[in-house]
Structures are given as structure tokens and as C-alpha cells.
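Undergrad: Turn this into a structure:
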Amino acid sequence: MNLAVASHPGFLSPTGVEITFVLVGLITLGAALVTVTTKQLVHAALWLVVALGGLAVEYLLLTAEFIAWVQVLIYVGSVVVLLLFGLMMTKAPIGRSPDADSDNRWTALAVAVLAAATLVWVVVDAFRSTWVSLGGAAQGSTEVTGEFLFRQWVLPFEALSVLLLAALVGAIVLSRRDSRER
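TA: Numbering: from 1, shown residues only. Okay, the predicted model is just below:
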């Protein structure tokens, strides 16, 4: 008998990390659902912070520290702040917004469920017989992940920073134009 298989507790006796992973995943899913169903834009942005923070915790539980901190710094720290800044600069409605709801809710739900089912089917079908052996290497470590990202993905990171800067400049231009018209 293989000792690695015998030492694993099995599906019916999960470890504390696995239980925490599922609980944080459920909280993250709930926050994501509230994000897309709320009618208040600022509340949606704040629930997005909770959802993205939950995702960072999931990365930490998977021992991918670098990705977790990138998640916190880039998405929670930059994108959500930029979104809130854009809402404030363009003077978007703070309270309930009638424009934030539409009569296509059931159609959107059907499309979302269909897209999710298709994505799950494609991923399961593509990786059904694939087994990844980590071989004892620290695959999720900061050194390995940082080296991989900054050797092969420097251009997309820079493109993202230019995109965020363009969005920030656009929000400032829109707010200045509105104040000059008055």
C-alpha cells in the first residue's frame, strides 16, 4: 500500500484548512452575490472588497502568498479604490439607483448559469486525467511565482497599470468637464 495515500485522512474527514477553505469560499460566494444584486453602487463596491478579500484568504490557504498579496494590493487596494474614486468624481448616485436594476434579471441569471456550467464542463473535461506532481518544490512560493510572473508576464502587468491610469485620468476629466459646465 502506498504510504502517501494511507496517510491522507480522506474525503469524509477533512482537515481544518479544508473546512476553513470551504467556509471562506461560501462567504466569498455570498459577498459576490450581494455585489451583483444590490441596487446601491457604493454598497456593491464595498461588497466587492469582501469578495476579493475572501479570494485573497483562499490564496493564503493554498499557500500562494505572493498571489494573495497581489490580490490585496492590486484588486482590493487599487481597483476598488479606483472604482470608488470614479463613483465620487463622476457624481454617481450614492443611494438606491433605479438605473441599477433591469427587467432582464431572469435572462441574466440563465446566461450566468449556462456560462458557469459550460466553464465547469470545459475545465473538468480538459483536466480529467491530468495529475500535477509538485515534486516537493515550493510552487506557490513568492520566489517561484515572482520569477515566473516577471519573466513572462511583465507586459500585461504594465498594460494593466496604464489601463488603471487611463481610467483615473478619464474620471478626473469627466469631473472637471462637469464642473466647468456649471
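
Undergrad: from here on, contacts and neighbour counts on C-alpha atoms
TA: Fine.

Undergrad: What does residue 40 show for phi and psi?
TA: Dihedral angles phi and psi of residue 40 (degrees, to the nearest 10) take the values phi -110, psi 120.

Undergrad: how many neighbours does it have?
TA: The tally of other residues near residue 40 (other Cα atoms under 10 Å) stands at 18.

Undergrad: Looking at strand pairing, list the partners for it.
TA: residue 96 (DSSP bridges).

Undergrad: now it: how far from residue 78?
TA: For residue 40, the distance to residue 78 equals 21 Å [Cα to Cα, to the nearest Å].

Undergrad: Kindly report the same for residue 163.
TA: Taking Cα to Cα as the measure, residue 163 falls 12 Å from residue 78.

Undergrad: and what of residue 106?
TA: Taking Cα to Cα as the criterion, residue 106 is separated from residue 78 by 32 Å.

Undergrad: quick one: which of these two has more around it?
TA: In this view residue 106 and residue 78 are compared by other Cα under 10 Å, and residue 78 has more residues nearby, 15 against 10.

Undergrad: what phi and what psi does the backbone show at the more buried one?
TA: Per-residue torsions, residue 78: phi -100, psi -50 (degrees, to the nearest 10).

Undergrad: any chance you could map the strands in this protein?
TA: Listed in chain order, the chain contains no strands at all (DSSP state E).
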